[in-house]
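In: all I have is the shape, not the residue letters:
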């Protein structure tokens with residue numbers, strides 16, 4: 001134990017002497033959390049809209065006013081030419097064209113029906129679906145008002161619907177994203193630093209000196225991993241404080257449970273980084289390998305897209321993704337107040353993962369005395 005403490009002391013001194021590493025560990029994750037929490041969102045807050053009103057009647061102006069009164073729509077152009085509005089979409093200056101045909105009001109009065117054309121930029125399919133849904137809802141509301149005016153009686157919906165949003169009643173996307181982003185940042189710190197740790201000893205030539213010392217393999221590995229485990233746990237605590245202060249993210253469940261799961265998760269991530277470090281000969285190789293696995297893990301973790309929406313083969317591969325387990329757990333505990341029995345299967349998977357990764361890391365490290 002005394003030997004491990006000396007190695008820990010040496011590692012911490014080496015970390016804090018490196019002026020470049022300190023900002024990476026303590027400053028960059030905070031800045032990234034503050035930026036990504038506001039930038040990483042699928043919410044549609046601004047729909048740039050072109051109006052092609054070929055009727056210019058009170059009814060068409062009333063329909064346009066419905067969109068102007070919505071905070072989601074920003075009218076970027078009025079035109080009598082559909083081709084001009086289409087050019088705005090092609091240039092990326094507009095997301096939606098609302099085309100009101102000639103005789104719109106005349107058809108409403110005489111034929112009791114009229115057509116409105118909606119053209120949506122569908123390069124981003126999910127965003128286009130939301131834009132279409134928002135727009136149809138406004139047109140439907142306008143339509144209901146017209147029916148009420150024409151029939152002189154209020155149209156009642158046959159089925160009354162009451163909405164109840166659990167765990168995120170304000171539908172705040174930051175509440176959903178911040179816990180996942182926090183997991184990603186903690187993983188980045190632990191994964192990259194552990195991935196470069198042993199290989200750095202190889203590059204500067206000190207690994208041979210360590211190998212000829214009477215230090216045992218487990219002592220060396222513990223001394224290499226524990227400092228970054230402590231730093232990552234500190235990052236998690238600091239990130240939770242920032243999430244609460246700046247974004248008012250609720251923490252419904254047990255904070256102790258979050259840190260308990262994080263402790264197991266970080267063992268798995270640090271062991272993976274150590275495996276990469278042992279198979280790499282240079283820091284450049286280690287960084288490329290770490291970045292490769294990190295990108296795959298993040299994109300398949302459920303941070304940005306739901307795991308259930310992935311194809312079956314992707315979900316099967318995702319079984320070996322530790323980030324996916326921790327993101328699911330931290331969201332369940334923080335937002336839903338889930339307890340140990342609710343996250344039991346994910347926790348068991350993480351424990352097995354951590355044990356397997358650590359075993360491979362110990363096996364891969366060859367200490368030649």
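Out: Happy to help now that I have it. All figures in this text were calculated on a predicted structure; none of them were measured in a lab.
In: surely residue 8 touches residue 228?
Out: No. Using C-beta atoms under 8 Å, residue 8 makes no contact with residue 228, being 10.9 Å away. Any C-beta I mention is one placed from the backbone N, CA and C, and that applies to glycine too.
In: higher neighbour count, these two?
Out: The residue with more neighbours, out of residue 8 and residue 228, is residue 228; 25 against 16, by other C-beta atoms under 10 Å.
In: next, the more buried one: secondary structure please.
Out: Per DSSP: H, G, I helix; E, B strand; the rest coil, the local secondary structure of residue 228 is helix.
In: do you know how far it is from residue 139?
Out: 55 Å (C-beta to C-beta, to the nearest Å).
In: residue 314 too?
Out: For residue 314 relative to residue 139 (C-beta to C-beta), the value is 37 Å.
In: which one of the two has more residues nearby?
Out: A count of neighbours by other C-beta under 10 Å puts residue 139 above the other of residue 314 and residue 139, at 16 against 12.
In: show me the chain divided up by domain.
Out: For the chain, automatic domain parsing gives the domain ranges 2-40+173-364, 47-151.
In: please identify the deepest-packed of these.
Out: Among the domains of the chain, domain 2-40+173-364 has the highest mean neighbour count (mean count of other C-beta atoms under 10 Å), at a mean of 17.
In: and it, end to end?
Out: One end of domain 2-40+173-364 to the other measures 25 Å (C-alpha to C-alpha, to the nearest Å).
In: re earlier: now the domains of the chain as CSV including mean pLDDT?
Out: Formatted as CSV, the domains of the chain follow (pLDDT from 0 to 100):
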stretch, mean pLDDT
domain 2-40+173-364, 86
domain 47-151, 89
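In: quick one, strands of the stretch 101-250 of the chain?
Out: Shown for the stretch 101-250 of the chain, the strands assigned by DSSP state E, counting those that start in this stretch span residues 117-120.
In: cool, and the stretch 251-369 of the chain?
Out: Under DSSP E, counting those that start in this stretch, the stretch 251-369 of the chain gives no strands.
In: contact partners of stretch 8-26?
Out: The contact list for stretch 8-26 (C-beta atoms under 8 Å, 6 or more residues apart in numbering) reads 189, 193, 223-224, 226-227, 231, 235.
In: just how off-centre is it within its chain?
Out: The chain centre lies 28 Å from the centre of stretch 8-26; the measure is C-alpha atoms, centre = their mean, to the nearest Å.
In: how long is that stretch end to end?
Out: Termini of stretch 8-26 sit 19 Å apart (C-alpha to C-alpha).
In: circling back: could you work out the most separated pair of the contacts of stretch 8-26?
Out: 223 and 235 (19.9 Å; C-beta to C-beta).
In: from residue 236, how far out is residue 63?
Out: In terms of C-beta to C-beta, residue 63 sits 51 Å off from residue 236.
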